[in-house]
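Enquirer: give me coordinates for this.
(one chain, ligands or ions: 10)
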Amino acid sequence: MAGLSSVVKLATSLVCLILVAAWTASAALVHHKFTIGTQNVTRVCNTQTIVTVNGQFPGPTIEVREGDNLVVEVDNNGPYNVTIHWHGVKQLKSCWADGPAYITQCPITPGNKFTYKFTITGQEGTLWWHAHISYLRATVHGALVIKPRAGKAYPFPKPDAEIPIILGEWWNANVEDVIADAIKTGTVPANSDAYTINGQPGDFFNCSANDTSHISVKSGKRYLLRIVHAGMLHGSFFKIAQHKMTVVAVDAVYTKPYTTDVLLIQPGNTMDVLITADQKLGQYYIGTRVYNSQPGRTEYLNTTTTAILEYKGNDKTYIASAPLLPNFPAYDDTATAFKFSTALRSLRSSVPQTVDEEMFITEGFGLVPCMDNSCTDNNGVRPVGSLNNISFVDPEISILQAYYNGTNGVFTRDFPSNPPQAFNYTGNVPLSLWTPELGTKVKVLKFNSTVQIVFQNTAIITLQNHPIHLHGHDVYLVGQGFGNYNSQTDPANFNLVNPQTLNTVGVPTGGWAAIRFVANNPGVWLMHCHFESHSALGFAMVFLTEDGPRNSDKLPPPPSDLPKC
Ligand SMILES: *[C@@H]1O[C@H](CO)[C@@H](O)[C@H](O)[C@H]1NC(C)=O
Ligand SMILES: *[C@@H]1O[C@H](CO)[C@@H](O)[C@H](O)[C@H]1NC(C)=O
Ligand SMILES: *[C@@H]1O[C@H](CO)[C@@H](O)[C@H](O)[C@H]1NC(C)=O
Ligand SMILES: *[C@@H]1O[C@H](CO)[C@@H](O)[C@H](O)[C@H]1NC(C)=O
Ligand SMILES: *[C@@H]1O[C@H](CO)[C@@H](O)[C@H](O)[C@H]1NC(C)=O
Ligand SMILES: *[C@@H]1O[C@H](CO)[C@@H](O)[C@H](O)[C@H]1NC(C)=O
Ligand SMILES: *[C@@H]1O[C@H](CO)[C@@H](O)[C@H](O)[C@H]1NC(C)=O
Ligand SMILES: *[C@@H]1O[C@H](CO)[C@@H](O)[C@H](O)[C@H]1NC(C)=O
Ligand SMILES: *[C@@H]1O[C@H](CO)[C@@H](O)[C@H](O)[C@H]1NC(C)=O
Ligand SMILES: [Cu+2]
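Expert: Ligands and ions are numbered 1, 2, ... in the order given. Down below sits the predicted model:
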């Protein structure tokens, strides 16, 4: 690939122009401009200068129909390097637009811009977008609503209105300092100071009640809540006082309708939920509370985060009384979390029945020696995340660029399909196993191969439920359980008929989860824990899917404005 002549390059851009012109006529071209800047914002009695898109926190909601071509020009007028990831978008043959920094592109440096162009195909529901570099996604995120094509109906009763609900987190600090301090001192990043719903912490956080988000409904009407979990480091139980919820889609894949009074949502997941305003006129809290999956952990924010579901009526006297609070499961109610996560089924499915590539991936933490004296805590070691005993290290130029250009020395192709040794993963792990290797390793996949991965949680440092996100694909969650995975007995219970289909899978704390997917998308795809501090500390790996034999199965050349390192 090296040394493409400028004539070939010109020819390629002409081909690109023709391809753009050939975008299907029925599909719309949806154009957005994202101006990255800073804004002074006050929450919980504390003002911070935060990075925002178009001055909004949370950022703007993008709305498209399935089949549309999306063009988003990102102008970086802020002080930091930025990239934007379109979370859950399959990016078929548009890997260059996926967004993770140093994986598919170099950052957009301050003062520069990059235009993301891609088509949304075969996905309906809610996804989202967020910064994919350092800790910036804490404030740089928003919803991506994908409606069916014109004239096509939802596979559920039509709602009277649709309401985006974005769960987030707030630090009384510059989030870039939070992660930089953690890396410098060899510790885990500081917890946030508040959780938020649509940017507001709600009535139970200091000096926040006046700004609590209000969501108005009319008695008897049906609403579609499009919930995005944009939080950084905690799963959430989600409830609405006295209202049942019917889950109809997760991660922009329709589910069999599932009615419940509590949701468990992990960072990275989106959930479309129908509610009916069928209670008496009044105010009802929409609330979230932490799901604390880490045994024995006490230092987490246990305040209930709220918004208010408010019935609109002629007589508003009911507003004089306080809204009703839902009853939450206990913070560590793993049984409720597991019940919800195993209850969902996809509405339509085509899960691969055979497997070409089988992987068993241990996932969790490790401790590695500090690289220099700046790491002051923890006796000269620092915590890292790891997969199959490898802690991922970001390269200095993007892996996709290096692969496409044939540049050596950026990554190696030896990510292992199995851990180096078997041990009692969820038991008492001997200290001799706690030190992973550092590396920038990818796993190469043949085009169109079917892949099965069993993720096995380890007890190194601590057990925890890790939400694992694969870029560019939906995965079928065929099985999950507690303890050590048993390759003899567990596969018999896999659901190969209608498993839930997701882009982010919460692996049960002290347990395992099995997924399948088809490697039908040439390019370079990051897989990582969607707890931001875990992935920042190396809880990540990369798949490299080779081109297929036909021209239509090959990754097109990079866009001409792709940022350079
Ligand atoms: C690819 O390689 C060519 C020739 O070596 C070089 O000019 C170009 O900058 C490289 N592109 C990227 C994206 O690395
Ligand atoms: C934010 O506040 C700081 C300190 O008061 C001020 O210097 C800065 O200009 C403000 N920034 C914006 C974007 O308003
Ligand atoms: C409210 O502020 C007080 C005093 O600063 C602090 O101790 C308390 O934890 C805060 N409460 C919440 C919910 O943030
Ligand atoms: C909230 O609003 C009330 C009434 O307008 C006002 O008196 C109070 O100071 C406000 N509180 C805060 C923290 O802004
Ligand atoms: C919430 O955490 C505080 C300490 O931060 C603790 O004192 C309190 O008991 C906790 N509340 C609950 C309900 O767990
Ligand atoms: C693994 O560790 C757990 C927890 O300590 C223990 O209950 C279990 O018996 C161990 N399993 C094996 C096979 O040693
Ligand atoms: C990880 O690899 C290191 C050697 O690089 C070894 O010391 C350690 O025991 C391994 N840990 C596991 C869990 O395999
Ligand atoms: C990839 O798989 C799909 C679905 O099974 C099939 O239609 C297609 O022909 C395959 N492509 C190649 C190159 O094998
Ligand atoms: C921003 O990105 C550029 C290009 O990759 C890089 O040279 C620079 O070091 C980055 N800046 C920071 C602060 O990471
Ligand atoms: Cu994690």
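
Enquirer: surely residue 504 and residue 269 touch.
Expert: Yes. With contact defined as C-beta atoms under 8 Å, residue 504 counts as touching residue 269 (5.1 Å). C-beta here means a position set from N, CA and C on the backbone, and glycine is covered the same way.

Enquirer: out of these two, which sits in the busier spot?
Expert: Per other C-beta atoms under 10 Å, whichever of residue 504 and residue 269 has more neighbours is residue 269, with 28 against 23.

Enquirer: ok, now how distant is that one from residue 59?
Expert: From residue 269 across to residue 59, the span is 18 Å (C-beta to C-beta, to the nearest Å).

Enquirer: overlap of the contact sets of residue 504 and residue 269?
Expert: 251, 467 (C-beta atoms under 8 Å, 6 or more residues apart in numbering).

Enquirer: can you count the residues close to the residue of the chain found nearest ligand 3?
Expert: As assessed by C-beta to the nearest ligand atom, ligand 3 sits closest to residue 206 within the chain, at 3.7 Å. As a burial measure, residue 206 scores 13 neighbours (other C-beta under 10 Å).

Enquirer: one more: residue 520?
Expert: Going by other C-beta under 10 Å, the residues that sit close to residue 520 add up to 18.

Enquirer: wait, isn't it in contact with residue 446?
Expert: No. Taking contacts as C-beta under 8 Å, residue 520 lies outside contact range of residue 446: 10.7 Å.

Enquirer: what's the overlap in contacts for those two?
Expert: residue 545.

Enquirer: tell me which parts of the stretch 401-550 of the chain are close to ligand 8?
Expert: 448, 548-550 (C-beta under 6 Å from any ligand atom).

Enquirer: so how do I select the buried members of those residues in ChimeraX?
Expert: Of these, the buried ones go into a single ChimeraX selection, burial set by 16 or more other C-beta atoms under 10 Å:
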select :448,548
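
Enquirer: now the residue in the stretch 51-200 of the chain positioned nearest to ligand 8: how far from ligand 2?
Expert: Nearest residue of the stretch 51-200 of the chain to ligand 8 (C-beta to the nearest ligand atom) works out as residue 92 at 12.6 Å. Between residue 92 and ligand 2 the computed distance is 39 Å (C-beta to the nearest ligand atom, to the nearest Å).

Enquirer: quick one, what contacts that residue?
Expert: 119, 121, 520-521.

Enquirer: do that again at 6 Å, thanks
Expert: 121, 521 (C-beta atoms under 6 Å, 6 or more residues apart in numbering).

Enquirer: wait, residue 221 touches residue 277, no?
Expert: Yes. The pair residue 221 / residue 277 is scored as a contact, 5.4 Å apart, by C-beta atoms under 6 Å.

Enquirer: show me where pLDDT drops low in this protein?
Expert: The chain contains residues with pLDDT under 70 at 1-26, 314-320, 373-374, 377-378.

Enquirer: okay, now the domains of it?
Expert: By the assignment in automatic domain parsing, the chain contains the domains 14-147, 161-343, 357-553.

Enquirer: so the longest one, near ligand 7 or not?
Expert: Translated: domain 357-553. Yes. Using C-beta under 6 Å from any ligand atom, domain 357-553 reaches ligand 7 at 389, 419-421, 432-433, 435-437.

Enquirer: name the nearest residue to residue 548, ignoring sequence neighbours.
Expert: The shortest distance from residue 548 to any non-neighbouring residue, by C-beta to C-beta, 6 or more residues apart in numbering, is to residue 447 (3.7 Å).

Enquirer: let me have the domains of the chain in a markdown table, extended by distance to ligand 9.
Expert: Below are those laid out as a markdown table (distance: least, C-beta to the nearest ligand atom, whole Å):
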| stretch | distance to ligand 9 |
| --- | --- |
| domain 14-147 | 4 |
| domain 161-343 | 9 |
| domain 357-553 | 7 |
